[in-house]
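Novice: kindly return the folded structure for what I paste below:
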Amino acid sequence: MEPPMPEHDGDHASPPYPGAGVPVDSGEVLQTIEQAHKEGNTSELGDTEGAGGHKKPGGFGALLAVLGVVYGDIGTSPLYALQSSVGIVGSAKHPAAAWEVMGLASLTFWALMLIVTFKYVILIMRADHDGEGGIIALMSLAQRVCKSQKFRWLFGLVGIAGTCLFFGDSIITPAVSVLSAVEGIEIAVPSASHVIIPIAMVVLVALFAAQALGTGKIGKAFGPIMVLWFTVLAILGVRGILLYPHILLALSPTFALEFIVLHGYLSFIALGSVVLSVTGAEALYADMGHFGRAPIRKAWLFFVLPSLTLNYFGQAALLIHDPATLANPFYHLGPHWAQIPLLILATFATVIASQAGISGSFSLCRQLIQLGYLPRTRIVHTNASEEAQIYLPSLNWILGFGALVLVLSFRSSAALAAAYGIAVTGTFLCTCVLAMVVFRRTFKWSAAAVGAVFGLFFVVDAVFFSANVLKIPDGGWVPLAIGIISTIVMTTWKRGRGLIAAKQQADSMPMASFLARLPQSRTIRVPGLAVFLTANPDVVPNSLLHNLKHNKVLHEHVMFVTVQNLDQPEAERGHRTIVQELAPNINRVIVRYGFMEMPNLPRALMELKALGVAFDAIQASYFTSHELVVRSRVPKMQLWRMWLFLLLLRNAASTTEFFRIPPDRVVEFGVRIAI
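Specialist: Predicted structure coming up:
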């Protein structure tokens, strides 16, 4: 498979690879940027959309928001995690021994401590990229501190792999979470067990249909519901612990070690289910940019972790007290009269957990588009004042269709659990590899310290991943297939855009030559402002050449605009826009966006008026090129990859829509390109 190549996406440009930090501008533009940073001079620079950081909520409101968004996934794991683990070593007819259940409870607790508390909450959350977290931000950090282009490419591939597995997780999470909640019907109303699948599908359809409304309208209810959910988890856990108080001894890691030693290979298989208790750990890091470290850490240490621990230990105590409850230990923790309310609450909690994963996939997809790994797609902003609240219709229904297919195929949360773990543990491994680089280079840890700390985490993650590899025949192939397909799509798009950029570069006219000939030419200048979008500011855009060829005129005022995608979350305040005068009434404009931002080109250009550059939004006409890609006589891509690239290209959103340019102000020229 070809490595990711530099992209010049037709009408906008991006770095050669995520984290490269090498703009595609000319050397003169580079010097301008660097000089502005060194001197702090913003007289020639504009800023739009409040770049430079998120306004994070504080106090109790922040904790409430964190509970409603960040901890939904990991908070609903008690519905199926321990049941799946104990089912490995016992059954209702042949129940697991008390020491076995205590060993599994101890393994679950220490998985929460090692992976979530120590690895993510204490360590990895320190590695923020301008306040942003998540595997894409970590990938950019790792690439930024790496001097070797070969290793930058390698770290980019690791980040892509983790991202693709996350997309698999985003499909599986709604299916397994909603299905596990609805399965409570078997306990509350046993005669109605046949409606579990239809109800789960109705809930999923409603969930994905509601995405178009945006999370803002329903997000206010998320926090209080999750507070109630975790409180109920703790109460039910205490109720179970009272049945067998000795279960608290399982807080000692000796029970976990005893289980591993005595069970050997069977314990290895059981670890594949134990890891289900830490699904959603990546969300702590991914959502750090929205809430900050402190609220996430406080919510975990003082509320979420204690509630989860009590519930897992309560389920374990119940299973020792009454092995027949293995069919669904979570719901059996509650009294019979509370089954219906518990079922309703669990359904709401799983919908919230699914919502968090879906919203996360929207944000991640936007970042990949900005970095040039995916084609532009339609992005709907569901909140006029919150830039982060977005909706991607195409991705939403891909996820929804996948979740429905999984429910119909696996038909139970226990069966779906086999498909769940490998996506989670694969992302853990990718994050661990990137974190090693960042802590070694950025935080200046010694090689010994990195090896000791993250080497331990890597071994733990590798063991969990290996345990889930055994589940590939039973469903683990699902996230792997999603990951492989997503990786092929991303690298194919990157490769194709790189070939187009190389072809355009070879056939282009240098900007300096054009400007030198312009005063002696007989080109007719007409009133108005023409904005030519170009990937490379050093060459004349094809749209201008075609305009001269067919219309024989050039506007009185001309702007060559390049949109540059950065390897950081946001463009720095005051460094959004760079303007250079190339000739009288001809300017070159560089507009910079981070991978967490959505471009709004007209708004950015409006800011130029403050810099003394004339820009009339009503009079401006935007000129773009539309590539008509065909296969060359000596093709540089395999036939199947060419077919895939052309399919992606045909379905990509237009430049007009992506940059939010008024459609009635755009003139588009078709350009035939053979690759």
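Novice: stretch 634-653: how far from the chain's middle?
Specialist: 25 Å (C-alpha atoms, centre = their mean, to the nearest Å).
Novice: now do stretch 178-192
Specialist: 32 Å.
Novice: report the longest strand in the protein, please.
Specialist: Ranked by number of residues, the top strand in the chain under DSSP state E is strand 553-565.
Novice: can you give me the strands for this protein?
Specialist: With DSSP E as the criterion, the chain has strands at 8-9, 12-13, 45-46, 380-381, 390-391, 509-510, 524-533, 539-540, 553-565, 577-583, 586-593, 620-630, 666-674.
Novice: using CSV, lay out the ones you listed together with mean neighbour count, mean pLDDT and distance to residue 288.
Specialist: Heads up, the C-betas are built off the backbone N, CA and C, glycines and all. Listed next are these as CSV, based on neighbours: other C-beta atoms under 10 Å; pLDDT from 0 to 100; distance: least, C-beta to C-beta, whole Å:
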stretch, mean neighbour count, mean pLDDT, distance to residue 288
strand 8-9, 22, 36, 29
strand 12-13, 25, 38, 28
strand 45-46, 22, 33, 28
strand 380-381, 15, 74, 22
strand 390-391, 20, 79, 18
strand 509-510, 12, 86, 44
strand 524-533, 17, 90, 34
strand 539-540, 20, 88, 40
strand 553-565, 21, 90, 22
strand 577-583, 17, 89, 28
strand 586-593, 23, 91, 21
strand 620-630, 19, 85, 37
strand 666-674, 15, 83, 38
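Novice: got the CA positions of the longest strand of the chain in PDB?
Specialist: C-alpha atoms of strand 553-565 as PDB (Å, rounded to 0.1, in the frame of the first residue of the first chain):
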ATOM      1  CA  VAL A 553     -10.500  39.800 -19.600                       C
ATOM      2  CA  LEU A 554      -8.900  40.200 -16.200                       C
ATOM      3  CA  HIS A 555     -10.700  42.000 -13.300                       C
ATOM      4  CA  GLU A 556      -9.400  45.300 -12.000                       C
ATOM      5  CA  HIS A 557      -8.800  43.800  -8.500                       C
ATOM      6  CA  VAL A 558      -7.400  40.300  -8.200                       C
ATOM      7  CA  MET A 559      -6.800  38.100  -5.200                       C
ATOM      8  CA  PHE A 560      -5.000  34.700  -5.300                       C
ATOM      9  CA  VAL A 561      -6.200  32.900  -2.200                       C
ATOM     10  CA  THR A 562      -4.700  29.700  -0.800                       C
ATOM     11  CA  VAL A 563      -6.300  27.900   2.100                       C
ATOM     12  CA  GLN A 564      -3.600  26.300   4.200                       C
ATOM     13  CA  ASN A 565      -4.400  23.500   6.600                       C
END
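Novice: against residue 300, how distant is the nearest residue in space to residue 291 that is not next to it in sequence?
Specialist: Of all residues not flanking residue 291 in the chain, residue 66 sits nearest, at 5.2 Å (C-beta to C-beta, 6 or more residues apart in numbering). Separation of residue 66 from residue 300 (C-beta to C-beta, to the nearest Å) stands at 9 Å.
Novice: which one of the two is surrounded by more residues?
Specialist: The neighbour comparison of residue 66 against residue 300 (other C-beta atoms under 10 Å) goes to residue 66, with 27 against 24.
Novice: and the pLDDT at that one?
Specialist: With respect to pLDDT, residue 66 scores 81.
Novice: contacts only, for it.
Specialist: Going by C-beta atoms under 8 Å, 6 or more residues apart in numbering, residue 66 touches 287, 291, 295, 296, 299.
Novice: what does residue 443 give?
Specialist: Residue 443 is in contact with 126, 127, counting by C-beta under 8 Å, 6+ apart.
Novice: pLDDT score assigned to it?
Specialist: Confidence at residue 443, expressed as pLDDT, is 90.
Novice: and it, how far from residue 170?
Specialist: Distance from residue 443 to residue 170, by C-beta to C-beta: 30 Å.
Novice: same check, this time on residue 316
Specialist: Counting by C-beta to C-beta, the gap from residue 316 to residue 170 is 30 Å.
Novice: cool, residue 542 as well?
Specialist: Where residue 170 is concerned, residue 542 sits at a distance of 38 Å (C-beta to C-beta).
Novice: for the closest residue to residue 74 other than its chain neighbours, grab the count of nearby residues.
Specialist: The shortest distance from residue 74 to any non-neighbouring residue, by C-beta to C-beta, 6+ apart, is to residue 280 (3.5 Å). Residue 280 sits with 24 neighbouring residues when counted by other C-beta under 10 Å.
Novice: next: residue 268.
Specialist: For residue 268, using other C-beta under 10 Å, the count is 15.
Novice: just for the stretch 401-550 of the chain, where's the confidence low?
Specialist: For the stretch 401-550 of the chain, no stretch is flagged by pLDDT under 70.
Novice: in it, which spans are helices?
Specialist: 413-441, 447-469, 477-507, 511-517, 542-551 (DSSP state H, counting those that start in this stretch).
Novice: so for residue 379, which of these sits nearest?
Specialist: helix 477-507 (16.7 Å; C-beta to C-beta).
Novice: output the contacting helices and strands for the closest one.
Specialist: Helices and strands touching helix 477-507, as assessed by 3 or more C-beta pairs under 8 Å, 6 or more residues apart in numbering; DSSP states H and E, comprise strand 8-9, helix 149-182, helix 413-441, strand 620-630, helix 639-651, strand 666-674.
Novice: let's see it at 7 Å
Specialist: Where contact means 3 or more C-beta pairs under 7 Å, 6 or more residues apart in numbering; DSSP states H and E, helix 477-507 is packed against strand 8-9, helix 149-182, helix 413-441, helix 639-651.
Novice: just want the angle from it to strand 666-674.
Specialist: Relative orientation of helix 477-507 and strand 666-674, computed by axes from the mean of the first three to the mean of the last three C-alpha atoms, to 10 degrees: 90 degrees.
Novice: if we can go back for a sec, save the helices and strands packed on helix 477-507 as TSV, and put in distance to residue 659 too.
Specialist: What follows is those, written out as TSV (distance: least, C-beta to C-beta, whole Å):
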stretch	distance to residue 659
strand 8-9	11
helix 149-182	24
helix 413-441	31
helix 639-651	17
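Novice: middle-most residue in this protein, spatially?
Specialist: Central residue of the chain (C-alpha atoms, centre = their mean): residue 364, 2.7 Å from the mean position.
Novice: contacting residues around residue 159?
Specialist: With contacts defined as C-beta atoms under 7 Å, 6 or more residues apart in numbering, residue 159 is in contact with 135, 136, 139, 430, 434.
Novice: for those, which one is nearest residue 650?
Specialist: residue 136 (26.3 Å).
Novice: burial count for that closest one?
Specialist: Using other C-beta under 10 Å: residue 136 sits among 29 other residues.
Novice: could you check what's spatially nearest to it, not counting adjacent residues?
Specialist: Nearest non-adjacent residue to residue 136 (C-beta to C-beta, 6+ apart): residue 367, at 4.8 Å.
Novice: what pLDDT is listed against that neighbour?
Specialist: The model's pLDDT for residue 367 equals 81.
Novice: with the one 10 residues further on instead?
Specialist: What the model reports as pLDDT for residue 377 is 86.
Novice: also residue 106?
Specialist: 97.
Novice: and stretch 191-210, what's buried?
Specialist: 196, 197, 199, 200, 201, 203, 204, 207, 208 (16 or more other C-beta atoms under 10 Å).
Novice: and the contacts of it?
Specialist: Taking C-beta under 7 Å, 6+ apart as the rule, stretch 191-210 contacts 174, 178-179, 182-183, 185-186, 347, 351, 354, 396-397, 399-400, 403-404, 407, 411.
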